[in-house]
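got a sequence here, can you build the structure:
(2 chains)
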Amino acid sequence: MLSKRIIPCLDVRDGKLTKGIKFKGNVDIGDPVQMAEFYYQEGADELVFYDITASHEARNIMLEVVRRVAERIFIPFSVGGGLRSVEDMRAVLLAGAEKVSVNSAAVNNPQIIAEGAQAFGSQCVVLGMDVLKVPVSEKIPSGYEMVIHGGRKHMGIDALWWAQEAERLGAGEICLNSIDADGTQEGYEMTLTALISSHVSIPVIASGGAGEPEHLAAVLTEGKADAALIASMTHYGHYSVAQIKDYLSERGIQVRRYW
Amino acid sequence: MIAIIDYDAGNLTSVERALRSLGAECAISRDADFIAAAERVILPGVGRAGAGMASLRRLGLDQVLAQTVAAGKPLLGICFGTQIIFDFSEEDLTDCLGLMPGRVVRFPVEHRDAAGQPLKVPHMGWNGLQVKRPHPVLAGLPSEAEFYFVHSFYPVPGQDSFVIGTTDYGFSFASAVARGSLVAVQFHPEKSGRPGLRLLQNFLSWDGKEGGDAL
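Residues are numbered from 1 along each chain as shown, chains lettered A, B, ... in the order given. As a prediction, the model looks like this:
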């Protein structure tokens, strides 16, 4: 039986983690490579790196991080943030990432999904979606709208329509982030996740709002998510990946227990 | 020296990196002479059956692979590299290498589990392996070990005796197969953590014989 995946997300700027991560005696770890290795040993099923580097020149630093991570961990990981072309994707994949994630670049230029899937296969192309709850309208019939720039710019695109369109274009997976839930640590956006997941045939990773193991249990069952992204709840040592998996397993949710 | 076959089937560097971490000498190659001279061969890959087979034939590697198996040299298929060892794939309706009798078919479009819940296709993520027949390459893997899968098509071997391991996704399918010096897995051992590395390590020290309970 397929296991539900638990995926820590690491934000990287100029080759360093944006938030120091504290574990084991509160040691502050800013090195993404060490942190990736820690999560690999801890039983994470996959990792997501999000590069928030502002300048284009600093992108080579990220590629070096990707290369070093790929030498040390033997589970899949994806890299997103600022990828605008098939060439950008190729560089990240050749450096050793399993998948690339495109978000605002795909909203602005949907063909990048098709081009990426054609060049590298759908399984390499993850569509990142930032979504905001809005009143139902003719333009946004699902009541969920695509946004970019952390929610500051509304795109006038219905999130459900976009998810299905991206699947048609060749996306292999969706990482679905609720801007409303993001950072609250009060739980994932359940309605949104169930809506999108039940209307596409590709896997959906729920993102935004995780604070307690029960949030993961909910989104992986009622929320119909195939995987759950986590950040603060494990970065600061409140929980370990193993603790979360124990909790899920006790509730009958299939997770990978041996690593 | 281990040859990792390059036939334009996706990114092969992760296989190379995993083998290097185990101290193996390996090289990604599309050179027929180099592959023929290698001590053992890995056929990895992600891609489509039509394009993959066309590349192998263009490079003359279909012949090299047939000779590899005929000579009893260890050959490991991974993921898409496993699918093309069979006679035929439903993907692009492609005649494949025919190194093992059988065919490759797609998961149903409306795939469901035993309880009637819809299952996503591709089958993506970690899943178990039920060992059906002991094999040196599967030695030492704990029963709870899981492996990383990404695929929409799966093998249907022509004989049950080829199946050394199965995986459940709505139904049970052959996720590990073997015949003589050929062994092939539908999952990605290079992305499957410690159990995956153990499987690769087993392959590196395998003499190409099936062991006590051979065919």
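
tell me the mean pLDDT for stretch A:196-207?
Averaging pLDDT along stretch A:196-207 yields 97.

end to end, how far does it reach?
13 Å (Cα to Cα, to the nearest Å).

would you mark the buried spots in that stretch?
A:196-197, A:200-207 (16 or more other Cβ atoms under 10 Å in any protein chain shown). Any C-beta I mention is one placed from the backbone N, CA and C, and that applies to glycine too.

try stretch A:30-48
A:31-36, A:38-40, A:42-48.

now do stretch B:204-211
B:204, B:206, B:208, B:210.

repeat that for stretch A:164-176.
In stretch A:164-176, counting by 16+ other Cβ under 10 Å, buried: A:165-167, A:169-176.

mind listing what's buried in stretch B:55-75?
Quick answer for stretch B:55-75 (16+ other Cβ under 10 Å): B:55-56, B:59, B:61-62, B:64-65, B:68-69, B:73-75.

list just the nearest of those to B:Arg20.
Nearest to B:Arg20 among the buried residues of stretch B:55-75 is B:Pro74, at 18.2 Å by Cβ to Cβ.

so that closest one sits right up against B:Phe203, yeah?
Yes. Look at B:Pro74 against B:Phe203 with Cβ atoms under 8 Å: they come within range, at 6.6 Å.

which helices and strands does the lowest-mean-pLDDT helix or strand in chain B pack with?
Taking mean pLDDT, DSSP states H and E as the measure, chain B has helix B:49-58 as its least confident helix or strand, at a mean of 92. Counting contacts by 3 or more Cβ pairs under 8 Å, 6 or more residues apart in numbering or on different chains; DSSP states H and E, helix B:49-58 packs against helix B:61-70, helix B:80-83, strand B:94-95.

the shortest one pairs with which strands, parallel or anti?
In this case it means strand B:94-95. strand B:88-89 (antiparallel) (DSSP bridges).

now do the partner strand: distance to the chain's middle.
The chain centroid and the centroid of strand B:88-89 are separated by 15 Å under Cα atoms, centre = their mean, to the nearest Å.

give me the low-pLDDT residue ranges for the stretch 1-150 of chain A?
For the stretch 1-150 of chain A, the stretches flagged by pLDDT under 70 are A:19-28, A:54-57.

give the bridge partners for B:Val183, please.
When assigned by DSSP bridges, B:Val183 has beta-bridge partners B:Leu76, B:Ala178.

returning to that earlier point: what's the most distant pair in the buried residues of stretch A:30-48?
Between any two of the buried residues of stretch A:30-48 (Cβ to Cβ), the greatest distance is 21.6 Å, for A:Asp31 and A:Asp45.

could you check how far the residue nearest to the spatial centre of chain A is from chain B?
Most central in chain A under Cα atoms, centre = their mean is A:Cys175, positioned 4.8 Å from the mean C-alpha point. Using Cβ to the nearest Cβ, to the nearest Å, A:Cys175 is found at 13 Å from chain B.

which residues of chain B lie near chain A?
Proximity of chain B to chain A, by Cβ under 8 Å from any Cβ of the partner chain, involves residues B:10-11, B:13-14, B:17-18, B:21, B:46-47, B:109, B:113, B:118-128, B:142, B:144-146, B:148-150, B:168-169, B:190-197.

sweet, I'm off.
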